[in-house]
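Enquirer: next comes the sequence, and after it the predicted model I'd like to discuss.
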There are 2 protein chains.
Amino acid sequence: MCAGLGRNMFRPTGARMRAPGQIKMLQPVAIAQKQLADYASLSSRGLIEEIRARAERLRGKRVLHLSATAFGGGVAEILNTIVPLMIDVGLECEWQVIYGREEFFNATKVLHNSLQGNPTTLSEEQWATWLRYNEINAAQLSDGWDVCIVHDPQPAAVCSLVPENARLWVWRCHIDLSTPNALTLERLLPYLTPYQAAVFHLGAYVPAGMDGRAHVIPPAIDPLAPKNMAFSLEDAVYICGQFGIDIDRPLMCQVSRFDPWKDPLGVIDAYRIVKESQPDVQLALVGSMATDDPEGWDYFNATVAHADGDPDIHILNNFSSVGAIEVNAFQSYSDVLVQKSIREGFGLTVTEAMWKGRPVVAGAVGGIPLQLSDGKSGFLVDGVGECAERALEILRDPPLGKQLGRAGKETVRQKFLMPRLLRDWLELFEGHEV
Amino acid sequence: MCAGLGRNMFRPTGARMRAPGQIKMLQPVAIAQKQLADYASLSSRGLIEEIRARAERLRGKRVLHLSATAFGGGVAEILNTIVPLMIDVGLECEWQVIYGREEFFNATKVLHNSLQGNPTTLSEEQWATWLRYNEINAAQLSDGWDVCIVHDPQPAAVCSLVPENARLWVWRCHIDLSTPNALTLERLLPYLTPYQAAVFHLGAYVPAGMDGRAHVIPPAIDPLAPKNMAFSLEDAVYICGQFGIDIDRPLMCQVSRFDPWKDPLGVIDAYRIVKESQPDVQLALVGSMATDDPEGWDYFNATVAHADGDPDIHILNNFSSVGAIEVNAFQSYSDVLVQKSIREGFGLTVTEAMWKGRPVVAGAVGGIPLQLSDGKSGFLVDGVGECAERALEILRDPPLGKQLGRAGKETVRQKFLMPRLLRDWLELFEGHEV
C-alpha cells in the first residue's frame, strides 16, 4: 500500500509506542473488531455456514499467531483480518509480535532474500544473532496454546526451543521457496522439523523433507479493505482525473513495483503496439517505491526514459501521492489491467486486480495461472506481442472485457477471499485434532 | 451498522475485555492507524494542504477525547476516524472512555432522551448517580492536557470537577437539542458553564445562555469506511440480487429505522403512486432493529402489514443479514434513494446516501436542507404526493438522476467528509490559542 501500507495496521500497546528501546518482550497486537457476517454477502454461497459449523467444533481453542511485525507487508495485512475473524467465530486467538533490534532484522532480511533465491547467505554471526533473538522471544512465550502459528522464517526457531508451549505447531511460510539458496534452506530445515504442519502458498514452494507435514493453502484478500473494495465509477473517475488521465479515452494500467521481473518496459512496448491500432489509448504504470532501494529508483528512471516523454504514458508512485486508495481507483477505472510479470511469487496482486471486475492480461508465471484461467477469467500471455494482442482484443470488444472481468471477479469470490482462508485454517486445525 | 455498527471500533485493552466488572477506571481506547494522505484524492482540492498548515502550528499539543463508549453509534464512529487523523497530523491525541455501571447508563439514557424532547426527566436519584460516576471518572483523569473534548452529556460534569486538568475544555454535543425537556436542560446547564467552548451540529441546537461560547460544526462521514465507500455496480448488483431484488428493474430505497419519524408507511404510499405510472418499480425499506426496542418491532410489523404482501416491496433488517455492507450496496445500486423523514436530527444518513452518487429525495426537515439543495443536489419534498412526483421524475429521466447524484456527491465532498471536520477542530483550537 505504499502511503497506505499501514492501513488496518494497529499501533501496539502504549508502552511500546512510548519507549521502544526499553522493552525486550513479545508484544501483543491490538486487534480490530471484524465480523464474519460482514463478509457474508460478498462471499460464495454456503461458505459462511460451513465456517460457522467448523468453528463451533473448535470453540474456545487458544490460537496464537507469532510474526515479525504488525505493520506493512502481506503478512501483517492478512493477520489484521484473519485474527479478528478467528476471534469473531469463537476461537481465543491472539497475535504477538516478536522483539528484535536492528541486528536481528538485518540478519532476517538476508535470510528472507536468500530463501527467495539470493546467492548471499547469512554469516555465522548472523545465524547466531537470529537464534539469540529467537531464544529471547521463546523464553517469554506463554504456554497452554492449542495452536501456535509461526509466520515466516524470522521467529521459526521458537518451536524447537519451547515445543511444550503449544499442542500444535504450524509454520506458515509466506515467501517464494521455489528456488531457494540451498545452503540457507539446509541450515533452516532442522528448525522446521519439530513443527507438525507447514503451510505454503503453492505446491512448488514445498521443500524436500516435509514428508506428510506440508499443506498448500493459497493466500487471500480482504474485500472490505479500502485497497480492495471495488470503487464506484464516479469515485474512480474523480481520482484518476486528478492524475492527468483523460477520462474519455481508454486506459491500460499495470500496478506493480518497478523492477525487471514486473517488466514495465515490456508493458510500454506492448502499449506502443496497441497504440498503432488504437491511437487514443493511454497507459498508467503505478507502483510503490522504497526510499532505501536505489535499484528500484534506477529501474523507475529507466522506465521514465523508456516512455520517452509520451504524454499518454503516466508513471506514478507513492511519492506522487499514489497510495492504496489511488491504486484501487486506477484498477476500478482501467479498461485493461496488465500484470506482465516475467517472474512472480504467488502474485496476489493479480487477484486484487481481478476483484475490481476489470479484464486482466497477465504473464503466465509463478502463481498467476492458478488465479487466472486463460480466455475465461482474463488472458495469460507470454511476451510483448501477445500482451499487446490481447489488450487490443479487449479494447475493441468491450462486451468481451466485461465478460472476462466478471468471470475474474467470480473466480476471486470462489477462491481468494479471506473467508476461504479462514475455512482452510479451521479445516487444518480439525485435521490435526486440535 | 447493526451487524456492522462495530466496524472500525476497537476492543479496549485486554484487561477490560477479561474483567469488565473489576476495573473502575477510565479506559484508553486502542486507536487504529489512519493517514490523512489516504483521504487526499477523495477530498476537495486544497483542504489537505490547509489542514497540514494548521496542524503544524499545533504540533505536539495534547488533546483528549472523553466519551461514554468506544462501540456503536455515531460518536464512536466519528472518533474512530478523527482521533487517528489528529494523531497523524501531529497532535498528541488520546481517547478515553469513562467507567460506568448499569445504573449510570440507565440514568444517562433518560438524560439523552429527555434532552431530545422526551417529557420524562431524571429522578433525583438518577441525577445523583450521574454525578457520582462523573466524580469517579474525574478523579482519575490525568492532567496536563492542552484540550479536553467531552462528548455528549454522559461525562459532561467532569469539566466542573477538575477544571485545572486541561487548558481548554470543549463540550461536543452530538444530540438534537432543538426541543429539549426544559427541566432537564436547566439542570444540566450549570455543568456546561465552565467550558470555554461548546460545539453543536446545527445552530438550532444551541441552548440559550451559551453567550459567545457556541460553535456550529456539522458532523462528517468517513469515505474510507466500508459503509461509505461507494460500491462498484458489480458488487452492488451481486449483493442486491441475493436479497431478491430484480436487478433488471428500477429500485427505490429508503435506509432508516422503522419509526413514525422516518415514515416508512408514507414511503410505501409514495411507491404505490409511482407504480401506477411505472409498473416495474421496486421498493426496498432497509433498517436496523434493536432486540430491546418493542416499539421498533411494532412499527416494523406495521410496515410489513402496510406492504400487504406486495412482492415488489422488500422490507429488510439486520435480522435478515443486512449490515453496513449490504446497506452500502443498496444505496450504491438504487435508482432513487428516499429519506422521507417527518422529523430528523442532523440526518447524516442523507449525506451517506448522497455520497453514493445516487439521486436523493428527502423530507425538508431537521438538518437535511443543510445537506441537500433542492433541485440541485437532490430533491427536498413535503408529503407523499411530492415524494412520488420527484421519484417518478428521476425514474423517467435517468440523465437527471445522474446529474443530481453527481451534484450530491460533490456537495458531500466539499462539506461533509472527515477531513473538513478535522480542519474545523484545528481552527477551533487555534481560535482559542491552544
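Expert: Looks like it arrived, so ask away. Numbering: from 1, shown residues only, chains lettered A, B, ... in the order given.
Enquirer: every contact and neighbour count from this point should use C-alpha atoms.
Expert: Will do.
Enquirer: wait, doesn't A:Gly405 sit right on A:Gly378?
Expert: Yes. Between A:Gly405 and A:Gly378 there is a contact at 6.9 Å, judged by CA atoms under 8 Å.
Enquirer: list residues touching both of these two?
Expert: Residues touching both A:Gly405 and A:Gly378 by CA atoms under 8 Å, 6 or more residues apart in numbering or on different chains: A:359-360.
Enquirer: list the contacts of whichever residue of chain A sits closest to chain B.
Expert: Closest approach between chain A and chain B, counting by CA to the nearest CA: A:Ser232, at 4.0 Å. Contact analysis of A:Ser232 by CA under 8 Å, 6+ apart lists A:332, B:230-233, B:332.
Enquirer: please name the nearest non-neighbouring residue to it.
Expert: Distances taken as CA to CA, 6 or more residues apart in numbering or on different chains place B:Ser232 nearest to A:Ser232, at 4.0 Å, with adjacent residues excluded.
Enquirer: next: A:Glu344.
Expert: Leaving out its chain neighbours, A:Glu344 is closest to A:Gly366 (CA to CA, 6+ apart), at 4.7 Å.
Enquirer: what's the answer for A:Ile98, then?
Expert: A:Leu26 (4.9 Å).
Enquirer: related to what we said a few turns ago, and the residue nearest to A:Glu344, its phi and psi?
Expert: Backbone torsions for A:Gly366, taken as degrees, to the nearest 10, come to phi 50, psi -140.
Enquirer: check contacts around it.
Expert: A:343-347.
Enquirer: which of the residues you listed has the most neighbours?
Expert: For the contacts of A:Gly366, the largest number of neighbours (other CA atoms under 10 Å in any protein chain shown) sits with A:Phe346, at 23 neighbours.
Enquirer: correct me, but it touches A:Asp176?
Expert: Yes. Judged on CA under 8 Å, A:Phe346 makes contact with A:Asp176 at a distance of 7.4 Å.
Enquirer: near the closest residue to A:Leu202 other than its chain neighbours, how many other residues are there?
Expert: Leaving out its chain neighbours, the residue that sits closest to A:Leu202 by CA to CA, 6+ apart is A:Val216, at 5.7 Å. Here the count is done by other CA under 10 Å, and A:Val216 has 15 residues near it.
Enquirer: what distance do you get for A:Val255 to A:Thr349?
Expert: Distance of A:Val255 to A:Thr349, computed by CA to CA, to the nearest Å: 8 Å.
Enquirer: between the two, point out the one with more neighbours.
Expert: Per other CA under 10 Å, whichever of A:Val255 and A:Thr349 has more neighbours is A:Val255, with 25 against 14.
Enquirer: gap between the more buried one and A:Gly405?
Expert: Distance from A:Val255 to A:Gly405, by CA to CA: 16 Å.
Enquirer: how about A:Tyr333?
Expert: Taking CA to CA, one finds A:Tyr333 at 12 Å from A:Gly405.
Enquirer: common neighbours of those two, please.
Expert: A:Arg358.
Enquirer: number of residues surrounding the spatially closest residue to A:Gly357 that is not a sequence neighbour?
Expert: Using CA to CA, 6+ apart and skipping the chain neighbours, the partner closest in space to A:Gly357 is A:Gly405 (4.4 Å). Neighbour count for A:Gly405, taken as other CA under 10 Å: 27.
Enquirer: ok, A:His432 next?
Expert: Count around A:His432 with other CA under 10 Å applied: 13.
Enquirer: just to revisit the earlier point, TSV for the contacts of A:Gly366, including secondary structure and pLDDT?
Expert: TSV is the format used below for the contacts of A:Gly366 (DSSP: H, G, I helix; E, B strand; the rest coil; pLDDT from 0 to 100):
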residue	secondary structure	pLDDT
A:Arg343	coil	88
A:Glu344	coil	89
A:Gly345	coil	87
A:Phe346	coil	91
A:Gly347	coil	90
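Enquirer: so where does A:Gln254 fall, helix or strand?
Expert: strand A:251-255 (DSSP states H and E).
Enquirer: dump that strand to CSV, restricted to CA.
Expert: C-alpha atoms of strand A:251-255 as CSV (Å, rounded to 0.1, in the frame of the first residue of the first chain):
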residue,chain,number,x,y,z
LEU,A,251,-6.7,3.2,-20.3
MET,A,252,-4.3,0.3,-19.9
CYS,A,253,-2.8,0.0,-16.4
GLN,A,254,-0.1,-2.0,-14.6
VAL,A,255,0.2,-1.8,-10.9
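Enquirer: what is that strand packed up against?
Expert: Strand A:251-255 is packed against helix A:264-277, strand A:282-287, helix A:324-333, strand A:336-339, with contacts defined by 3 or more CA pairs under 8 Å, 6 or more residues apart in numbering or on different chains; DSSP states H and E.
Enquirer: which outside residues touch the shortest one?
Expert: Which is strand A:336-339. Outside strand A:336-339, the residues touching it (CA under 8 Å, 6+ apart) are A:251-256, A:262, A:267, A:331, A:350, A:353, A:358-363, A:391, A:394-395, A:401.
Enquirer: need the strands for chain A, in chain order.
Expert: Listed in chain order, the strands of chain A (DSSP state E) span A:27-28, A:62-67, A:92-97, A:145-151, A:166-172, A:197-200, A:214-216, A:251-255, A:282-287, A:313-317, A:336-339, A:360-363, A:379-381.
Enquirer: partner strands of the fourth one and their direction?
Expert: Same thing as strand A:145-151. strand A:62-67 (parallel), strand A:166-172 (parallel) (DSSP bridges).
Enquirer: export it to PDB, keeping only CA atoms.
Expert: Output of strand A:145-151 as PDB, limited to C-alpha atoms (Å, rounded to 0.1, in the frame of the first residue of the first chain):
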ATOM      1  CA  TRP A 145      -1.700 -22.800  23.500                       C
ATOM      2  CA  ASP A 146      -3.800 -25.300  21.400                       C
ATOM      3  CA  VAL A 147      -2.200 -23.900  18.300                       C
ATOM      4  CA  CYS A 148       0.800 -21.700  17.700                       C
ATOM      5  CA  ILE A 149       1.200 -20.500  14.100                       C
ATOM      6  CA  VAL A 150       4.600 -19.100  13.400                       C
ATOM      7  CA  HIS A 151       4.800 -16.800  10.400                       C
END
